[in-house]
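>>> Show me the folded form of this:
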Amino acid sequence: MSELSKFICNCKCVSKSEILSSIRKKGANSFSDVRTITLATTGCGRCKSDVENIVNQEMKKHSVRMMQFKIDFGND
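Next up, the predicted model:
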């Protein structure tokens, strides 16, 4: 079984892949959004820290990709 297909939330059968997809493809911008889209952490709640870690890591990657660099073309 690959790391992406492993269930992070056993109660709701939510895999790491589904969590990442909720961010990358479905527009989740926060832990709360991921929770609403996937239902992860809405059962017993034991997976909350794991889901939060995945969301935080992915959001960091996303923010790095979205950074824009200012280029000074100057009028020399």
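>>> quick one, phi/psi of the closest residue in space to residue 39 that isn't next to it in sequence?
Once flanking residues are discounted, residue 39 sits nearest to residue 12: 4.5 Å by C-beta to C-beta, 6 or more residues apart in numbering. Every C-beta, even on glycine, is put in place using the N, C-alpha and C of the backbone. As for residue 12, its main-chain torsions (degrees, to the nearest 10) stand at phi -110, psi 10.
>>> Residue 12 touches residue 46, doesn't it?
No: if you go by C-beta atoms under 8 Å, residue 12 and residue 46 don't touch, sitting 11.6 Å apart.
>>> and these two? which has more neighbours close in?
residue 12 (17 against 11; other C-beta atoms under 10 Å).
>>> got a list of what that one touches?
Contacts for residue 12 (C-beta atoms under 8 Å, 6 or more residues apart in numbering) come out as 38, 39, 40, 42, 43.
>>> what about the third one, how many neighbours?
It refers to residue 40. For residue 40, using other C-beta under 10 Å, the count is 30.
>>> Equivalent analysis for residue 2, please.
Considering only other C-beta under 10 Å, residue 2 is surrounded by 8 other residues.
>>> How about residue 54?
The local packing of residue 54 (other C-beta under 10 Å) involves 19 other residues.
>>> ok, it - contacts?
Counting by C-beta under 8 Å, 6+ apart, residue 54 touches 8, 16, 19, 20.
>>> so how far is residue 58 from residue 29?
Distance, residue 29 to residue 58, using C-beta to C-beta, to the nearest Å: 11 Å.
>>> So the two - more neighbours on which side?
residue 58 (18 against 11).
>>> Now do the same contact list for that one.
Residue 58 sits in contact with 19, 20, 23, 24, where contact means C-beta under 8 Å, 6+ apart.
>>> and if you look at residue 5?
Applying C-beta under 8 Å, 6+ apart, the residues contacting residue 5 are 15, 16, 17.
>>> Turn the residues you listed into a markdown table, including secondary structure and pLDDT.
As requested, the contacts of residue 5 are exported to a markdown table (DSSP: H, G, I helix; E, B strand; the rest coil; pLDDT from 0 to 100):
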| residue | secondary structure | pLDDT |
| --- | --- | --- |
| 15 | strand | 98 |
| 16 | helix | 97 |
| 17 | helix | 97 |
